[in-house]
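[1] Sequence first, then the predicted structure:
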Amino acid sequence: MLEGLTKNISDVVRNISGKSSITEKNIQDAVDQIKVALLEADVNLRVVRRFINRTIEEATGEAVIRSVSPGEQFVKVVHDRLVKLLGEERQELQLKGPDTKSVILMVGLQGSGKTTTAAKLARKLKEEGRKPVLVAADLTRPAAVEQLAVLAERVGVDVQKGRSGEDPVAFVRDVLKEEKRGDHDTVIIDTAGRMQIDEDLMEQIRRVKKTADPVETLLVLDAMTGQNAVDIAKSFHESLEVSGVIFSKFDSDTRGGAALSMKTVTGCPIKYIGTGERPEDLEAFYPERIATRILGMGDVVSLVEKAQATVEQDEAEELQKKIQTAAFTLQDYLDQFARLRKMGSLESVMEMMPGMKGAVDPDAVDEDQIKKEEAIILSMTRGERLNHRILGPSRRKRVAKGSGTSVYEVNRLLKKFEKTRQTMKKVSKNKKYQQKLMSQFG
Ligand SMILES: Nc1nc2c(ncn2[C@@H]2O[C@H](COP(=O)(O)OP(=O)(O)OP(=O)(O)O)[C@@H](O)[C@H]2O)c(=O)[nH]1
Ligand SMILES: [Mg+2]
């Protein structure tokens, strides 16, 4: 999949990442080549322009990472921009807990892959421990119901079959009434293919949607239709409010342009890709992984991680400097929370703070407390965050009100912050002192 794009971009990237120094001309050349590669891959022109401008901006910008070469740094910029283009974070299905039924509605053009994808999805959800049922609501032709029934049997999932020629709205209503008593927690409805310009059929699917009240309306698109897929998605989204896109036939020699343009042009996230005809050929869509695939090299990942680690190292050094000079502010304190969320564990963040290794008992950390503290700091003005000493009684009252806490809690946080600041200062001073001693002793 994405062979052409991958080949072209990875060539550029391989070429430039080896350079130990690069000029604006190098960047411009690389960017031009990437531009051609994207256009050849059928990416929307507006999307390409924006991508290129941002890449140049960032690549020639100020964020210089010391331990990686300028070429490598350029690759990181391209990688990050690709991830953004593809939608940034993995978008999960918004299913409800097992006690409430979640309805998923599959829609799309004729032959786009709805029926196959419905069965693939049922299989995947079953594997994840849910109890799905497939509903054959494509009643336009007799073979459609049978097709889904066969697939359902193959993946070992129950199926509700409509009668050919029956009104799909009435059928879906009856099925859902019946399912209310059943023990399935996820109802996946396969529907007939339709063109976005066929007003009657679009009105019908709107009525099906209203009756079904789905948590997910998934538009299945044939990845091979290229740029067309984006236009189709746009009009389906406008008339039906699609919650996510699934690209089928991503295993074919799709040029990938649609996947790269989708989020920017339509705002619809891509949730899965179909990578073959078998029921197991459905992959969760991870922007990060696809970007890496496009750059055509696994080592980009480690490169990016290396660059990231350096950024964090720089931040830590800056922090240490601040601590030593007692310039550590509430804003820095707040930034630690953000970093904390990113890394997942308070312990690891504390370990990163100079002088704090092993000084924290992770069990003593209270997530609710952190949330409260965060709310308090967020209720302060920037000036207050940078200099907590200006927080007099009336400001404290305002902050307490703004954060939904009490003056007592605000006071407690400020006291704790002041104490932390002093401790950190002492610890880091001490370390310096120790180093000095060490050097004296050779
Ligand atoms: N290679 C490949 N083929 C796929 C994929 N998904 C679906 N297909 C094939 O595409 C064809 C159409 O798939 P269907 O699931 O019947 O499409 P549909 O949207 O339900 O079609 P209608 O109900 O007629 O509108 C079938 O031959 C599938 O095997 C995929 O991810 N990769
Ligand atoms: Mg079908």
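    Done, it's in. Numbering: from 1, shown residues only. Ligands and ions are numbered 1, 2, ... in the order given.
[2] Check the chain for the residue nearest ligand 2 and tell me.
    When scored by Cβ to the ion, the chain has residue 115 as its residue closest to ligand 2, at 3.2 Å. Quick note: C-beta positions are derived from backbone N, CA and C, even for glycine.
[3] part of a strand, is that residue?
    No. The secondary structure assignment for residue 115 gives helix rather than a strand, going by DSSP: H, G, I helix; E, B strand; the rest coil.
[4] Just confirm residue 404 contacts residue 375, I think it does.
    Yes. Checked against Cβ atoms under 8 Å, the pair residue 404 and residue 375 is within contact range at 6.6 Å.
[5] These two: who's more crowded?
    Under the neighbour definition other Cβ atoms under 10 Å, residue 404 and residue 375 were set side by side, and residue 375 has more, 15 against 11.
[6] Secondary structure element holding that one?
    For residue 375, the enclosing helix or strand under DSSP states H and E is helix 367-378.
[7] Please pull up the helix or strand immediately following that helix.
    Following helix 367-378 in sequence, per DSSP H and E, is helix 382-386.
[8] and that next one, which residues are buried?
    384-385 (16 or more other Cβ atoms under 10 Å).
[9] which other residues reach the strand or helix carrying residue 160?
    Secondary structure assignment for residue 160, by DSSP H and E: strand 158-161. Strand 158-161 is contacted from outside by 133-136, 145, 148-149, 152-153, 175, 178-179, 184, using Cβ atoms under 8 Å, 6 or more residues apart in numbering.
[10] So which of these wins on neighbours?
    Top of those by neighbour number is residue 135, holding 31 neighbours under the definition other Cβ under 10 Å.
[11] Can you classify it by secondary structure?
    When classified by three-state DSSP, residue 135 comes out as strand.
[12] who in this structure is up against ligand 2?
    114-115 (Cβ under 5 Å from the ion).
[13] now the strands for the chain?
    Counting by DSSP state E, the segments of the chain that form strands are 102-107, 132-137, 158-161, 186-191, 216-222, 244-248, 270-274, 282-284.
[14] Tabulate these (a markdown table), appending mean pLDDT and distance to ligand 1.
    Compiled in a markdown table, those are given as follows (pLDDT from 0 to 100; distance: least, Cβ to the nearest ligand atom, whole Å):
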| stretch | mean pLDDT | distance to ligand 1 |
| --- | --- | --- |
| strand 102-107 | 97 | 8 |
| strand 132-137 | 97 | 10 |
| strand 158-161 | 96 | 14 |
| strand 186-191 | 97 | 7 |
| strand 216-222 | 97 | 6 |
| strand 244-248 | 96 | 4 |
| strand 270-274 | 95 | 3 |
| strand 282-284 | 92 | 8 |
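[15] Could you dump those into TSV and include distance to residue 332?
    As requested, the strands of the chain are exported to TSV (distance: least, Cβ to Cβ, whole Å):
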stretch	distance to residue 332
strand 102-107	42
strand 132-137	48
strand 158-161	56
strand 186-191	45
strand 216-222	41
strand 244-248	38
strand 270-274	37
strand 282-284	36
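[16] what about the stretch 201-350 of the chain, any weak spots by pLDDT?
    Within the stretch 201-350 of the chain, the stretches with pLDDT under 70 are 296-317, 319-327, 336-350.
[17] quick revisit: just the buried residues of the strand holding residue 160, please?
    Within strand 158-161, the residues that qualify as buried by neighbour count (16+ other Cβ under 10 Å) are 159-161.
[18] Kindly report the same for stretch 27-38.
    By neighbour count, and taking 16+ other Cβ under 10 Å as the criterion, the buried residues in stretch 27-38 are 27, 30-31, 33-35, 37-38.
[19] Same question for stretch 274-287.
    By neighbour count on 16+ other Cβ under 10 Å, the buried set for stretch 274-287 is 274-276, 279, 281-283, 285-287.
[20] CA atoms only for it - export them in CSV, please.
    This file holds the C-alpha atoms of stretch 274-287, laid out as CSV (Å, rounded to 0.1, in the frame of the first residue of the first chain):
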residue,chain,number,x,y,z
GLY,A,274,-9.4,-2.4,5.2
THR,A,275,-6.3,-4.3,4.0
GLY,A,276,-7.7,-7.3,2.2
GLU,A,277,-10.8,-9.4,1.5
ARG,A,278,-10.6,-11.7,4.5
PRO,A,279,-12.6,-10.9,7.7
GLU,A,280,-9.4,-10.3,9.6
ASP,A,281,-8.1,-7.7,7.2
LEU,A,282,-9.1,-4.6,9.2
GLU,A,283,-6.5,-2.4,10.9
ALA,A,284,-7.1,0.4,13.4
PHE,A,285,-5.9,3.6,11.8
TYR,A,286,-2.9,5.1,13.6
PRO,A,287,-1.7,8.4,12.0
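[21] Give me the residues contacting that stretch.
    1, 82-91, 113, 116-117, 119-121, 123-124, 151, 154-155, 223, 246-251, 270-273.
[22] and those, which are buried?
    Using 16+ other Cβ under 10 Å as the burial test, those include 1, 82-83, 85-87, 91, 113, 116-117, 119-121, 123-124, 151, 155, 223, 246-250, 270-273 as buried.
[23] Stretch 194-210 near ligand 1 at all?
    No. Judged by Cβ under 6 Å from any ligand atom, stretch 194-210 makes no contact with ligand 1; its nearest approach is 8.1 Å.
[24] Can you give the distance from that stretch to the centre of its chain?
    When C-alpha coordinates are averaged (Cα atoms, centre = their mean, to the nearest Å), stretch 194-210 and its chain have centres 30 Å apart.
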